[in-house]
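Asks: task: produce atomic coordinates for the following.
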Amino acid sequence: MRSLNLDQLRTLVAIADLGTFAAAAQALHLAAPTVSLHISELEARLATPLLLRSKRAVALTAAGEALLPRARQLLQDADEAERQIGLHAKGLTGRVRLAASTGPLVHLLPPVLEQMARAHPEVQVELSLLGTTQACERVLAGTVDVALVSMPVQESADLVLKRWRVDPVMALLPPQWQAPKRITPQWLAARPLILNEPVSQIYRQTMAWFAAAGLHPRARIELNYTEAMKSLVATGYGAAVLPLDGEAEPHQLALHGRIQLRPLQPAMHREMAVAHRRNEKALAPSVKQLLAVLQAHRQ
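Replies: Next up, the predicted model:
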């Protein structure tokens, strides 16, 4: 037996609701013979009568009564499927997988997510906490759609990088330390250090900053969780070298008197980019919507 035909089920429901073939034909904008054909084909397919016909009215048989609620549900599911696909096609629903490291996720992404929720409430943004190297690998593998990454990253035939923002990298010092106005590699190398793990871009950048002065200090601890690093700095465990994630962060740190911020000499900056796969025509509409919102928040 072939699958049920939705047009035939819609005709059956219209007849049940309106009481006559003629009323159903008018409501569905069908010719009367087409309505009759729908019902006869449906009854033939199910091998049972569904309607009792008389000159005055039409009534459902027991089989028709049993089929009616299921027909309504199938039609409702089909209409909802069409609606959802239409929203997908317009970029108004769907799923976007977004990756970022701790600092940007905590301090830079909230306004982006807020705008996405406001402009595209049916798009689900799934967040992953990933460093730059792993995030780029996931984008290329197709398990992440968009990533915020720290430069330098090599653009490739499959990977697009769009500059997003540049933030200063600062020394974060415990509140009780006596420190100069600008922090040099020589001064900082003599203090206990809390650094990111070697797989991170900021670690490589920091060690290159020390190496340019002929220094190769060892960290007291290495970890890749920015907020934990700040907490350790606040307790006096050591100094960290981190980018400022947004304009509000210096005020937030100073407000509690927990951490001293000092610029580095020579200065250092963290450049961030938005990474996604190169074939933009193949990107889902919801991914394009997120890219547009990120572009609106570009520094």
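Asks: what kind of secondary structure is Ser128 in?
Replies: strand (DSSP: H, G, I helix; E, B strand; the rest coil).
Asks: look through this protein and tell me its longest strand.
Replies: Of all the segments of type strand in the chain, defined by DSSP state E, the longest one is strand 260-277.
Asks: give the rounded mean pLDDT of it.
Replies: Mean per-residue pLDDT for strand 260-277: 95.
Asks: can you pull the buried residues of stretch 66-73?
Replies: Neighbour-count burial for stretch 66-73 flags Leu67, Leu68, Ala71, Arg72 (criterion: 16 or more other Cβ atoms under 10 Å). Just so you know, the C-beta spots here come from the backbone N, C-alpha and C atoms, and that holds for glycine as well.
Asks: ok so, going back, other SSEs contacting the longest strand of the chain?
Replies: helix 132-141, strand 146-150, strand 159-173, helix 201-211, strand 239-243, helix 249-255, helix 285-296 (3 or more Cβ pairs under 8 Å, 6 or more residues apart in numbering; DSSP states H and E).
Asks: in the stretch 1-150 of the chain, which spans are strands?
Replies: 51-53, 58-60, 93-100, 122-129, 146-150 (DSSP state E, counting those that start in this stretch).
Asks: farthest-separated two in the buried residues of stretch 66-73?
Replies: Distances among the buried residues of stretch 66-73 were taken as Cβ to Cβ; the most separated pair is Leu67 and Arg72, at 9.6 Å.
Asks: Pro217: which of the strands of the stretch 1-150 of the chain is closest?
Replies: strand 146-150 (21.2 Å).
Asks: what's the angle from that closest one to strand 239-243?
Replies: Angle of strand 146-150 versus strand 239-243, following axes from the mean of the first three to the mean of the last three Cα atoms, to 10 degrees, is 130 degrees.
Asks: let me know whether Thr11 touches Ala31 as I believe.
Replies: No. Under the criterion of Cβ atoms under 8 Å, Thr11 makes no contact with Ala31, lying 11.7 Å away.
Asks: neighbour count: the two, which is higher?
Replies: Between Thr11 and Ala31, counted using other Cβ atoms under 10 Å, Thr11 has the larger neighbour count: 26 against 10.
Asks: how close does the nearest residue to the more buried one once chain neighbours are set aside sit to Ala22?
Replies: In space, and not counting its chain neighbours, Thr11 is closest to His38: 4.0 Å by Cβ to Cβ, 6 or more residues apart in numbering. Using Cβ to Cβ, to the nearest Å, His38 is found at 14 Å from Ala22.
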